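[1] the sequence and its predicted three-dimensional model are supplied below.
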Amino acid sequence: MATKFPPILTLQGAREAVIAATHRAIEIGIPMNIAIVDANLHLLLFERMEGAKITSIDIAINKAFTAAGHRVPTSVYKEAVWPGGAAFGIWNSNGGRFTTIAGGCPIVDVHGNVLGAIGCSTGTPAEDEDVATRGKEAIERVVRIGSKAKL
């Protein structure tokens with residue numbers, strides 16, 4: 001009996017996510033830093049649009065790292081990280097890489113396996129999440145269409 005493996009997020013798949021995210025960033029008029037990590041939290045692709053904030057480079061990468069590692073969008077931590085919140089101080093974990101600012105979204109296959117994540121930064125948290133969501137959705141559409149394909 002053949003073993004079934006989840007799809008793998010490839011460089012080509014990461015490019016598709018970046019293209020979709022870039023188009024959305026252009027639509028809303030906010031240049032972005034866009035990072036894609038694989039399921040092992042390693043940087044697969046990074047793009048800095050002209051005019052994106054240099055100080056947001058690490059933030060975009062860390063948003064992707066956090067979303068893939070915790071398997072949830074970084075926006076879920078908004079209320080929990082305030083003093084007294086259940087996750088207060090969590091940003092100190094993982095060598096300071098854990099990010100609680102919206103803009104990181106896991107990329108998930110049809111079975112719920114996290115294939116990686118996208119992180120975007122330069123705009124407001126809502127703008128960053130909007131752009132990241134567009135990139136994530138582009139890949140997830142491909143996963144639904146061709147479940148045996150490498151992405």
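    Received the coordinates, thanks. Everything numeric in this text was worked out from a predicted model, so none of it was measured. Residues are numbered from 1 along each chain as shown.
[2] all helices for this protein, in order.
    Along the chain, counting by DSSP state H, helices occupy 11-28, 57-70, 125-145.
[3] elements contacting the last one?
    Using 3 or more CB pairs under 8 Å, 6 or more residues apart in numbering; DSSP states H and E as the contact criterion, the secondary-structure elements in contact with helix 125-145 are helix 11-28, strand 33-38, strand 104-108, strand 114-121. For the C-beta atoms, the positions are set from N, CA and C on the backbone; glycine is no exception.
[4] mean neighbour count and mean pLDDT added to these, as TSV?
    Putting the helices and strands packed on helix 125-145 into TSV (neighbours: other CB atoms under 10 Å; pLDDT from 0 to 100) gives the following:
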stretch	mean neighbour count	mean pLDDT
helix 11-28	19	96
strand 33-38	29	97
strand 104-108	28	96
strand 114-121	30	96
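[5] out of the ones you listed, the one nearest residue 49 is which?
    With respect to residue 49, and counting by CB to CB, the nearest of these is helix 11-28 at 6.2 Å.
[6] so what does that closest one touch, helix or strand wise?
    Contacts defined by 3+ CB pairs under 8 Å, 6+ apart place helix 11-28 against strand 33-38, strand 43-48, strand 114-121, helix 125-145.
[7] so for residue 103, which of these sits nearest?
    Smallest distance to residue 103 across these (CB to CB): 2.9 Å, for helix 125-145.
[8] so which bits of the closest one are buried?
    For helix 125-145, the buried set under the neighbour-count rule, 16 or more other CB atoms under 10 Å, comprises 125, 127-140, 142-143.
[9] now do that helix: distance to the chain's middle.
    The chain centroid and the centroid of helix 125-145 are separated by 8 Å under CA atoms, centre = their mean, to the nearest Å.
[10] can you check stretch 60-77 too?
    Taking CA atoms, centre = their mean, the mean C-alpha location of stretch 60-77 is offset from the chain mean by 6 Å.
[11] give me the phi and psi for the residue lying closest to residue 51 once chain neighbours are set aside.
    In space, and not counting its chain neighbours, residue 51 is closest to residue 31: 3.8 Å by CB to CB, 6 or more residues apart in numbering. For residue 31, the backbone dihedrals are phi -70, psi 140 (criterion: degrees, to the nearest 10).
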